[in-house]
Structure formats: structure tokens, C-alpha cells
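Enquirer: Task: produce atomic coordinates for the following.
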Amino acid sequence: MKTELFTAPAQSADYRPDIDGLRAVAVMSVVVYHALPLWLPGGFVGVDVFFVISGFLITRLIVAQLTTARFSFIDFYARRVKRIFPALLLVLAASYGLGWQVLLADEFSQLGGQVAGGAGFVANLVLWREAGYFDNASNTKPLLHLWSLGIEEQFYLLWPWLLWVAVRRRWSLAGVIGALALVSFGANLMLVERDAVAAFYAPQTRCWELFAGALLACGTRDGHFTASLRGASLLGVALIMASLYLVDDTRAFPGAWALLPVLGTVLVIGAGPQAWPNRVLLRAPWMVAVGLISYPLYLWHWPLLAYARIIGNRAPGVGVSLAAVAVAMLLAWLTCRLLERPLRYRLRGGAPATLLLASMAAVGVLGYATLAAGGLPARAMVVGNAANAALLNWDLSHTPDCAHHWGARMNFCFGVGDVALPRVALLGDSTANSLAPGLGAWAAAHGHGLVHVGSHACPPVRGLLPSARWKPGLDCIAGTQRALERVAASPSIEVVVLGLFARDLRYWGLPGVAPGASNAQRFQAFASLLDADIRLLRAAGKRVVLSYDMPFARMPARDCLPRPFSTWLSDAGSDCHAPEASLRDRQPFVGLFDAHLAARDDICVFRQSELLLRAGRLQFVDDEGRLLMRDDHHLSTRGSARMAHLMVERCMTAFAFR
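Expert: Just a heads-up that it's a prediction; the model follows:
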């Protein structure tokens, strides 16, 4: 390229513009996937392409310097700092500044942890730790994308030392790298089925992709295959393109599916710069230009899209997404032109790297302080939404007295009052847990002990089985059986509330039911289990309440809260009364329960929809503008109190329970 707008000021003799073109393929795949996921369902594999490129380039550089005794650890890390830190510091600061204006306390606290993780290059570990049932949606985390940078930097931290030892001891580099790659790939295959989140974020299950590039750098002459194998580039391009459409977020990833983009990238790089796709397609000027700004483009695009989602209170439309991508490309070019290059190429000596290290440490401390301060709740955004923001908080998983008396190894073991001899037991999943504060407050006010035992997505029914789509956590199946049988045998317990989420019927493993069975067949099998447990409880003299119809909305409740700048992107927040027709999959699952329970008089059938659905619309907020829900299908503490009052009216009064 003749223009200096994108071309690096100085290029070594072994510079390969086709690799910058491959970077363009990688970054644009990720950007399109994040902006318009339906257009490119497997675009996230662009990160895997980046991993291979990084492993190849960094290993080629280090080995070349080690073999000529020109390698310096200080120089290596100083170059990494000058390459990685400038753009990252700018994006971290910008994300933090915008978050100050628009994020609630819990969101800003989480952002602080991600800023600290990004500054310390452990974002993958921070995000791994955050992942959970009640975690915020991924598209509302402005620094989610830094997980990949964390893995790369962890690799860069250790890899030079291992190569240095291998060269000094004259080990076979290809043998060492190949062995490490096989171990990492094996760990990936074993973990992805048991814990896909861990396999995605853990460095030990992703570094085989970097090792693939490293092996290419050490196992081929001059970093590419012989001329007779240059046709491999066409196959490599085909594998990468196939992965963009065959791999999607329903696949167990990385797993074996990651082989498609990884092998494809190895073949493209290994074919050498004279292979036809490399020479004609990847060296096209516009491809090289995008590749040269790929790092800042990767950093900028996701925070812009995430904040568009947060501020607009809904997934951004095509126009907003494309505008965000255009802004990201402009910011990437400006970052490269005005920040990266001056610091990287014009400033010599160790002072720039030292200053960048100090700045990154300061940003990391700021992020951690924000996390420790609970998201700085004195900010105007939080104060203006204080009443409703408080209703989003939820910490009702465990109380020590419950675990002591009930010994439950489940997600929830929550007690109020006399937990050793409670009069009320609440069993069930997270929708049952969202009833706990309201029922607990009522029980405490009337001198009743209450205990809640259950697990996420785990109905209070004995006899369920694991399935491909339902893998019970902690001690769901056995724990539910123990809890239900103990409740039946406890003389102090008079009322048992069973809470479940009808929509989850599609997931539960049921005895004698094939995976492809109809909803009616699945419900028939489930109903027989449920009826057996109701008979057990009734025979033990317990009054039984069954709740199952919690609505499932298309938006989280926090999207009802006003945000600064929200009118720029949408009118969301002006109407938080979603039409019942828009609720996800409400029928046929609730309808099956309704029909089965219509004539029952041995239990109290309690419908949460009586409070939440009015005139065919879901009420996220009450008449005073206070949130009744805290996400898309769980009650807020206010909603729980209102729901408990309704349950007492409908069921406890009928039981003559005081």
C-alpha cells in the first residue's frame, strides 16, 4: 500500500501483508456476529483465527531471536506493553466513563471488576467467575470481549520462558509444542461437555489454538509449506468459511468444532504469501488496511454495541448496529493513527513502557475500588433510580441456620424464624425462591418458621432424570427427594408450597419419555410424578399450594428504568406493560398444567399471573411505578411481597391457616 493511513511505518523483511488480510477476516467476522448475529451465526470463531495468528507470529519472532542470541526478555515485554496497552487503556477509560453515566450500582460494580480484570489481563477468569444463573446478560457487559485478550496475554507471559528453556536444552520445539497442544486439546474435549463455560474461558483449554500457530512457526521451513502444498490455502479458506456458518451458539464450543477455524487458519498461513488466495484476496489493499486496525477495532466495537443495548433498553436495530460499527472503525483508525503509532514507533527507550505500566496499574486499582464500593451508589444514575434499583438486588440463596438444620446441598436453603421446627416449607426452583422473601416476611410477622429448599430449574418432584438438555446442578435430583420426604415426615410443617416453572417442562428428563416426545406426552409423564408427590404430602396431613405459571417476558425488568441518552436510541422504558402475546412460550406449557389442575380441590392452585397479567398485558411495575419483577421471569422483593399477600388471601385463608 502506498498510503500511510494504515501501513506500519517500518516493516521487517519477513512482513506478510496476507496475514494482515487474514486478521481482517477474523475481526470482521467477530464484528458482524456481534452486530448482526443472524447474518453470520459462527462469526465468533474469528477469535480462534486470531489465536492461531498470534501463536504463529509471536513464536516465529521469539525463536528467530533465540537462535541468533538476540532475544531479551525485557525488550520482549516492553514491546508487548507498547503494542497492547495504549488502545486498551483508552477503551477501558472510555467504557468506565460512559458506565459512570448510565449504569446502575450492580452493573457498574460488575464493570469495575471487568476493568480490573482487563487491566490485569485476567478478564477471562473474572468473566468465568461471574457466569451463573442470575448473571447479567452477556450483551450488557461492555468489556465481555476482553476474555480473549486475557488468554493471549497469559500465553505471552509464559511462552517466551518455555521457548527459552527448550532452545537452551536443545529440545525439539515441534515435539514440545505438539505435546502441549495435544494435552490442551484433550482437556478441551473432556471439559466442554461437562462445563462449557469453563472450557470457553479457561486458558488451559484454549491455548492449543495458539500452540497450533506456534507449531506451524517451528515445524515448517520459513513459516510456510513447500510450493507443492500451496493449494492448501484454498482448503483453509473453505474451512474458515464453513465454520462461520456451521458453528453457532447451539454447538458445544470450543470442543471439536474449533478445529474448523484453527486448521483452516493453519493451512492459509502455512500455504505462504504466494498462494493464490493469500496473494490475490488477502493482500487486497482494503483487507490489509482493516487488518492493520484490527486490534483497536476489536477493542472498540463491543463496548459501543453493548452500551447501545443498555442505553436503548433493547437489542439495537440494524441501523443502530451499523452506525456503531462505523463509529468503531473510525475510532479504531484514530486510535491507531494518533495513539498507537506515536507510542510504539516514535518514542524510544524504556520510559513509555514504564508510563504505560503505571497507567494500567492505576486503571486496574480504579476498577477494583469501584467493585469494592458496590458500584458507587452515590452517582446520579443510581440515586435517580434508587427505589427500583434496590428491588433488583437479590441475596436469598443460603442462611446458615437452614444449612445446619436441613443439610441441603442445593442452590437454595433459606430460613426464617424457627427453621428447626418450621410451619411452612417452600420447595422448588428459582421461581419458588423469588416467593421466599414475601412469604418469609409474612411468616415472621405471624410467628411461623419458614424454610425454602431447592435448586435452579429443578422442580420439587421426585423421579426426574438427567437429559441432554437438562443437567441438574449441585444435588438437584437426590436433594429434592430428600427434602420432599423430610418435609412429609416433619410434624411441625403444616403448609407446603411447591413452586416450579411450567416452561421448563421441555427440558426435564422424564422416565419412559423419548427425547422427541410431544409436549402432551412429556406432561403426562410429569403429571404422574407430581400427583404421586402431592398424595405423599396430603397423606402426611400437609396442606399443599402449587405455583407454576410465572410469565416469561422478552425483556429484563431493568429495561423499564430510564437511562441517560435513552431517547437517542429508542423509546423503550415508556411502556413496561408487555402484551401477553409477546411472552415467550407461555402456551402450551401453562395450558397443560391449567387443564390438569382445573378440577383439583385437594390442593390450592396459585396463579402468579393473577397479579402480573392484567387486561392481557404483563405488569413489570405496579401502580406506584415500583418494579414487580427483577428480570424476565423472577419477582423483585416488592413483587414477592405483593405475591405473598395474594397467596395468603387465596390459599392460607382457605386452609384456615393463621
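Enquirer: any idea which helix is longest in this protein?
Expert: Longest helix of the chain, by residue count under DSSP state H: helix 73-102.
Enquirer: following it, which helix or strand comes up?
Expert: helix 105-119 (DSSP states H and E).
Enquirer: State the mean pLDDT of that following helix.
Expert: Across helix 105-119, pLDDT averages out at 95.
Enquirer: What of stretch 616-630?
Expert: Averaging pLDDT residue by residue across stretch 616-630 gives 86.
Enquirer: Can you mark which positions in it are buried?
Expert: Arg617, Leu618, Gln619, Phe620, Val621, Arg626, Leu627, Leu628, Met629, Arg630 (16 or more other CB atoms under 10 Å). (Glycine included, C-beta is placed from N, CA and C.)
Enquirer: The longest helix of the chain vs helix 105-119, what angle?
Expert: Here the directions of helix 73-102 and helix 105-119 differ by 170 degrees (axes from the mean of the first three to the mean of the last three CA atoms, to 10 degrees).
Enquirer: OK, contacts around Ala232?
Expert: Contacts of Ala232 were listed using CB atoms under 8 Å, 6 or more residues apart in numbering, and they are Phe225, Leu267, Val268, Gly270, Ala271, Ala275.
Enquirer: Now, the buried residues of stretch 616-630 that are in strands?
Expert: With DSSP state E as the criterion, strands contain Arg617, Leu618 from among those.
Enquirer: Out of the buried residues of stretch 616-630, which is nearest to Ala517?
Expert: Among those, Leu618 lies closest to Ala517 (CB to CB), at 29.8 Å.
Enquirer: Give me the distance between that closest one and Pro277.
Expert: From Leu618 across to Pro277, the span is 52 Å (CB to CB, to the nearest Å).
Enquirer: Check which helices and strands the helix or strand of the chain with the lowest mean pLDDT is in contact with.
Expert: One helix or strand of the chain scores below all others by mean pLDDT, DSSP states H and E: helix 566-569, with a mean of 75. Counting contacts by 3 or more CB pairs under 8 Å, 6 or more residues apart in numbering; DSSP states H and E, helix 566-569 is packed against helix 294-312.
Enquirer: what angle separates the helix it packs on from helix 105-119?
Expert: Going by the same axes, to 10 degrees, helix 294-312 makes 180 degrees with helix 105-119.
Enquirer: what are the C-alpha coordinates of the least confident helix or strand of the chain, in CSV please?
Expert: Taking Å, rounded to 0.1, in the frame of the first residue of the first chain, the C-alpha atoms of helix 566-569 are listed here in CSV:
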residue,chain,number,x,y,z
SER,A,566,-32.0,6.6,26.0
THR,A,567,-34.2,8.8,23.9
TRP,A,568,-31.4,8.9,21.3
LEU,A,569,-31.8,5.2,20.6
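Enquirer: buried sites along it?
Expert: So, applying 16+ other CB under 10 Å, buried residues of helix 566-569: Ser566, Leu569.
Enquirer: What helices and strands are in contact with the helix or strand following that helix?
Expert: On the C-terminal side of helix 566-569, the closest following helix or strand by DSSP H and E is helix 589-597. If you count contacts as 3+ CB pairs under 8 Å, 6+ apart, helix 589-597 packs onto helix 519-539.
Enquirer: what's next to the helix it packs on, contact-wise?
Expert: 460-464, 484-485, 487-488, 496, 498, 505-506, 508, 510-513, 544, 546, 588-589, 592-593, 596, 602-603.
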